[in-house]
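K.L.:
Next input, structure requested:
(3 chains)
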Amino acid sequence: MLIDEDRMFPAETSARNVARALYAQVRDLPIVSPHGHTQAAWFATNSPFPDPATLFVQPDHYVFRMLYSQGVSMDDLEIGQPHIKEPRKVWHIFASHYYLFRGTPTRMWLDYAFQKLFGLTERLSEKTADLYYDTISAKLNTPEFLPRALYGRFNIEVLATTDSPLDPLTHHQAIRDSGWKARIIPAFRPDSVVDPDFPGFAGLIAKLGEQNGEDTAKWCGYLKALAKARGRFRALGCTSTDHGHPTAQTADLSASEAEALFAKVITGRADAGQKELFRAQMLTEMARMSVEDGLVMQIHPGSVRNHNRIIAERFGRDMGCDIPQATDYVHALRPLLDRFGNEKNLTLILFTLDETTYSRELAPLAGHYPCLRLGPPWWFHDSPEGMMRFREQATETTGFYNTVGFNDDTRAFLSIPARHDMARRIDCAFLGRLVAEHRLDEDEAFEVAHALTYGLVKKAYRL
Amino acid sequence: MLIDEDRMFPAETSARNVARALYAQVRDLPIVSPHGHTQAAWFATNSPFPDPATLFVQPDHYVFRMLYSQGVSMDDLEIGQPHIKEPRKVWHIFASHYYLFRGTPTRMWLDYAFQKLFGLTERLSEKTADLYYDTISAKLNTPEFLPRALYGRFNIEVLATTDSPLDPLTHHQAIRDSGWKARIIPAFRPDSVVDPDFPGFAGLIAKLGEQNGEDTAKWCGYLKALAKARGRFRALGCTSTDHGHPTAQTADLSASEAEALFAKVITGRADAGQKELFRAQMLTEMARMSVEDGLVMQIHPGSVRNHNRIIAERFGRDMGCDIPQATDYVHALRPLLDRFGNEKNLTLILFTLDETTYSRELAPLAGHYPCLRLGPPWWFHDSPEGMMRFREQATETTGFYNTVGFNDDTRAFLSIPARHDMARRIDCAFLGRLVAEHRLDEDEAFEVAHALTYGLVKKAYRL
Amino acid sequence: MLIDEDRMFPAETSARNVARALYAQVRDLPIVSPHGHTQAAWFATNSPFPDPATLFVQPDHYVFRMLYSQGVSMDDLEIGQPHIKEPRKVWHIFASHYYLFRGTPTRMWLDYAFQKLFGLTERLSEKTADLYYDTISAKLNTPEFLPRALYGRFNIEVLATTDSPLDPLTHHQAIRDSGWKARIIPAFRPDSVVDPDFPGFAGLIAKLGEQNGEDTAKWCGYLKALAKARGRFRALGCTSTDHGHPTAQTADLSASEAEALFAKVITGRADAGQKELFRAQMLTEMARMSVEDGLVMQIHPGSVRNHNRIIAERFGRDMGCDIPQATDYVHALRPLLDRFGNEKNLTLILFTLDETTYSRELAPLAGHYPCLRLGPPWWFHDSPEGMMRFREQATETTGFYNTVGFNDDTRAFLSIPARHDMARRIDCAFLGRLVAEHRLDEDEAFEVAHALTYGLVKKAYRL
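P.N.:
As a prediction, the model looks like this:
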């Protein structure tokens, strides 16, 4: 077997027994996925996934960055190609390097999918590559493996995608129109129209104006257009926005300062500091709109995007070349919090790629400000050790109830159950240890486990 | 029962058994509390504590910051009021939100006091709120719950308060005059007269001059006044100073540079950088005086005070709105250490809110400089996980003997036994694991446990 | 007994059992030591080590920094003296303070050597000081304790020293000429001729020119001289370079910019920023040469050298006064990586003294760039807890196969077996927990343990 019933539970018997009992109560709760990168188109069209390489290798930068780090060529993996020409060959490369993933969460997510979805029980390797390829290929062509069938099988209650304000949301509309009873909702991610460093920024702003019938050459029209776009998202069930800036910097300029800054930015005359200030100001503007329209705000800061110049030039964005940087929150968030930190209608969920901030800044901030909540461990830290460090470092200051449950944040649809399962297991493992060390009573641990799995995410994301 | 005999010990049997045995030897050692924020007035007047809300909720920013983070109003809790008008109502709010503290040290400190002091054994909740209120209220009015009786019951050997140089220390004198045999001593905390950002700074400096018969309009008179104030504290048993600056920056200016800087600062013409430089210089001046008069120096840097503007404006200081920031020591302390780092008569105890410095800077510094010692985990890090991280991250470089035992650092008198008990348990848990992993012999662990509980604090603080 | 068969394994039974089984397979593998500070002269002359104090105290800054931190005088320890005059007296001081090392890796390394090499089984203390001194002294004068005999007894397959480009490598040549079958190789550490802050920099550059027949007053001749020196090292078996800069900063100047900067630096007219830029540029130049000649590159950044002014003035370098600082990699390495990050012939091994970078920067970088590998925990972090944190924080993002096995990095020859043994035990302990938690299969753990002990170091260092 690839996966064990007790995987990720503490080895120590008393903690493991509690973890098992807790997990038994939350294992089958529905999946609430409030933040991720699946494609609405999959569910609108409900077409079969083409082949194992296209499904598991090509979209997953966790997978191909590891292969690349060990000398495998991106070209041999056909990364960046619209269609993989030799999927079996790509699959063999992947299979023969599968040992590289030992000790990584990717390995555990994949093994879960291989066994639970495809019934595979022998480890993936060069030797079993064809068995895997053939087994998976065959199943992908059955009705049970169409996207909508999997959505049901995964017991998903809500699934949020992540979308540009310029996205027509056609596929979301199509899902609604189809009469299929599923809750797939967009999330409003305006980076491309609030970050002056985004390629083609001025043109995108113009497009935003056209789409919303506003003159986005002016600050006032620009803000109105954004508000209208938010309204369009809300009409399709959206409950949250998301912001992926290089830092968590916020600002609170006067209206006239903001207007002058916008004029600089939109005409391409802003320097690096002014661009950063504009992004900072826009976070506060977004918070202001959230106070008005109730959209929950998420900030995902601290990623230095496209770090590998050659890869970025040849392959573009999201190619496994984003590297975290040290990130400040205590000073960066202050302008926004000075303005809206005590607002009853604001929820601002903070994420980080800099684990040093858990105990130093994030837990103290969220343990005080009523608008703040802590998002789950993100990206490289969405892993057994990473999730455990988050609980160990944040809980004592911020408690459990200022956190918001789990985000799968994935582009890999088939990894969703595995990722939620991992989060549930690690939370139960942490709670199991607290109970075994007499730091929490077992009846309370059951309540907490349920909240971490289901209650807190529904409440925080207003779902 | 609210608390278990084995709480906080490792779940694993062999380590737990050692931890139990070690704890049995240190459990009943006297409490030495060299740094905290209790009030000498309590012991001078020996009046009963008024009611449960005034005792447990109002003074404890750990408690009300968590309630505030979840939407409870500061006004409903009557925070900042001189007297609570509806203490039972406040208590009910607290009780009905008690579940928020699951997994926090506050929960464990409170449960300890509830059970050990008040005999309560059913968990606090909305349901048991009145039972708690009535039980605690009744006991507070008995002689056994007067401050002096509790001091004895807690087996306290020394208790240090924290006081401004402008404090007349009337209550300390009154305790001495009363003939009561207890060792309650002041600690010299000059932030208000060395930090130009302190509200009313110039007036406080003038007052310092008046009190000490020195012309504090001049650098030379200012230093003399501070030295005299230190002498006054020492006469009442004081053995330490304490410094709560935003950073750990020190400086070593020439006498003429320092004089000129003081002139700027005292007349309100200093900019932010000059104010920081003045604080930095004053740490070195305080070290110089410590070399002379033997007062042990403590630095508690890295807190961004009053982070929530609205709360600070309405409620003032110490309202649960202080947030840590990243803190440098390796460069910041160099000017002071260049001057006094090898002085035999200097002890400088370092604290941090930035845990990343344990292994990177603090342990290497204290593992070399003879004047440096590491204070225990502070504030948000005074918790089971926080204390364990400190031992795990500092011990291998600095050993046990460059640390100084535990500080309770509390404003909540009734939490003192619980806090010391937690520290003893975690130290024994850490030592238990070292013994179980054959990294330390059991006979040595007994010696270390005793030193961590009693010997090191007495030696480091010269008590 | 001083050391236990199960030392450093998890106390929990199931993980311990796996760890034991894994360790049994790697315990006796040869030692490959690709980076350290032993002296080729020891093996060239093969003279006996003089006495216990000269062997264990004088060269080991881990030892005397701890003693100094607790008030022991450097003079009493005769640190910095060419020959210890009263070695027995020094030994007694050390022995009577041996309790200070409880909980430190130094204690475990020493106990290993005392028991395994000298047959001592009672703990070192003032009481046993003479027994230790006499036992060790007697053995040091036997043929079995001569450096070459110990080299064989330690089962060393390769041992690299660390050497200046100006070193004539006479002792390495003598070892080769002697016909002794051992692989002792130099490593190229050019700090003294690439760091303008190095004392006597200009003179050293001139000497570099003379030795290599190049005009090092010019940029072009300087680079040629360095390349020739690398060639001379390679001829004696060298496979790696090493760079110990204050930061990890790299630069990629144009040839003319670099030439102009060199002219400033060599004439002593460079300011601090220009010196830093020069070091940064030289890392990229070294990478360029490595692409050409195949030498593996190591960067050991982030140490603030000679932090204690008085000790540095009286005793010089490497006196236990080097303190780590926060270190950035994500921005610092970008110029070098932009140029050479995707080169097939480059291996760049990164070290850190700032553990916060493991999960935030180093694991993500090495998990993507094909040229990058992560060195083992370094210096203060070469310890049971430190090594465990490295595996816990790096593995999930970078896997095992982007790491390079263990470095002992020691000046203390007799500690080499103890240090490698500790690393093997901790790796097996980590793997044991992964297996016990069903995060890795046991057959895979055996493969990984072997790779971490032997395979990866051979491959990464091209040995």
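K.L.:
Quick check on the residue nearest in space to the middle of chain A: phi, psi?
P.N.:
In chain A, the C-alpha closest to the average C-alpha coordinate belongs to A:D409, at a distance of 2.3 Å (C-alpha atoms, centre = their mean). When quoted as degrees, to the nearest 10, the phi and psi of A:D409 stand at phi 50, psi 30.
K.L.:
Also A:A160?
P.N.:
A:A160 has phi and psi values of phi -100, psi 140 when expressed as degrees, to the nearest 10.
K.L.:
partners of it in the sheet?
P.N.:
According to DSSP bridges, A:I185 are recorded as the beta-bridge partners of A:A160.
K.L.:
residues touching it, list them.
P.N.:
Contact analysis of A:A160 by C-beta atoms under 8 Å, 6 or more residues apart in numbering or on different chains lists A:S33, A:P34, A:H35, A:G36, A:I184, A:I185, A:P186, A:A187, A:C238, A:T239, A:S240, A:Y461. The C-beta positions use only the backbone N, C-alpha and C, and glycine is treated the same way.
K.L.:
Please repeat the previous calculation with a cut-off of 10 Å.
P.N.:
By C-beta atoms under 10 Å, 6 or more residues apart in numbering or on different chains, the contact list for A:A160 reads A:32-38, A:183-187, A:237-240, A:242, A:407, A:461, A:463.
K.L.:
From those, list the buried ones, please.
P.N.:
The neighbour count (16 or more other C-beta atoms under 10 Å in any protein chain shown) marks A:32-38, A:184-187, A:237-240, A:242, A:407, A:461, A:463 as buried among those.
K.L.:
quick one: the helices in the stretch 251-400 of chain A?
P.N.:
In chain order, the stretch 251-400 of chain A shows helices spanning A:255-266, A:272-293, A:309-315, A:334-340, A:357, A:363-366, A:384-398, with DSSP state H, counting those that start in this stretch as the criterion.
K.L.:
isn't A:Q70 right next to C:C371, touching?
P.N.:
No - using C-beta atoms under 10 Å, A:Q70 is not in contact with C:C371; the gap is 11.2 Å.
K.L.:
Tell me the spacing between the closest residue to chain C within the stretch 301-450 of chain A and A:A436.
P.N.:
Relative to chain C, the nearest point of the stretch 301-450 of chain A is A:S383 (4.1 Å; C-beta to the nearest C-beta). According to C-beta to C-beta, to the nearest Å, A:S383 stands 23 Å off from A:A436.
K.L.:
residues touching the nearest residue in space to A:N141 that is not next to it in sequence, list them.
P.N.:
The spatial neighbour of A:N141 that comes closest, neighbours along the chain excluded (C-beta to C-beta, 6 or more residues apart in numbering or on different chains), is A:P48 at 5.7 Å. Applying C-beta under 10 Å, 6+ apart to A:P48 gives the contacts A:L55, A:K139, A:L140, A:N141, A:T142, A:P143, A:F145, A:L146, A:P147.
K.L.:
go with 8 Å
P.N.:
With contacts defined as C-beta under 8 Å, 6+ apart, A:P48 is in contact with A:L140, A:N141, A:F145, A:L146.
K.L.:
Thought A:S47 was touching the first one, still the case?
P.N.:
No - at 10.5 Å, A:L140 and A:S47 do not qualify as touching, with contact defined as C-beta atoms under 8 Å.
K.L.:
Between those two, which is the more surrounded one?
P.N.:
A:L140 (19 against 10; other C-beta atoms under 10 Å in any protein chain shown).
K.L.:
neighbours around the residue of the stretch 301-450 of chain A closest to chain C, how many?
P.N.:
Burial of A:S383 is recorded as 23 neighbouring residues (other C-beta under 10 Å).
K.L.:
before we move on, the earlier item: among the contacts of A:P48, name the buried ones.
P.N.:
Among those, those scoring as buried are A:L140, A:F145, A:L146 (criterion: 16+ other C-beta under 10 Å).
K.L.:
and of those residues, the nearest to chain B?
P.N.:
When these are compared for distance to chain B (C-beta to the nearest C-beta), A:F145 wins out at 40.5 Å.
K.L.:
burial of the closest residue to that closest one other than its chain neighbours, as a residue count?
P.N.:
What sits nearest to A:F145 in space, not counting adjacent residues and going by C-beta to C-beta, 6+ apart, is A:K139, at 5.2 Å. Residues within reach of A:K139, counting by other C-beta under 10 Å, total 16.
K.L.:
what's the spacing between A:K139 and A:F413?
P.N.:
Taken as C-beta to C-beta, the span from A:K139 to A:F413 is 14 Å.
K.L.:
before we move on, what about A:G71?
P.N.:
Taking C-beta to C-beta as the measure, A:G71 and A:F413 are separated by 29 Å.
K.L.:
quick one: which of those two has more around it?
P.N.:
For A:G71 and A:F413, the more surrounded residue by other C-beta under 10 Å is A:F413, and the numbers stand at 23 against 10.
K.L.:
now, which of the buried ones among the contacts of A:A160 lie within strands?
P.N.:
The subset of those located in strands under the criterion DSSP state E comprises A:V32, A:S33, A:I184, A:I185, A:S240, A:D242.
K.L.:
pLDDT and distance to A:D130 for those - can I get that in TSV?
P.N.:
Below are these laid out as TSV (pLDDT from 0 to 100; distance: C-beta to C-beta, whole Å):
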residue	pLDDT	distance to A:D130
A:V32	98	38
A:S33	98	33
A:I184	98	35
A:I185	98	40
A:S240	98	43
A:D242	98	40
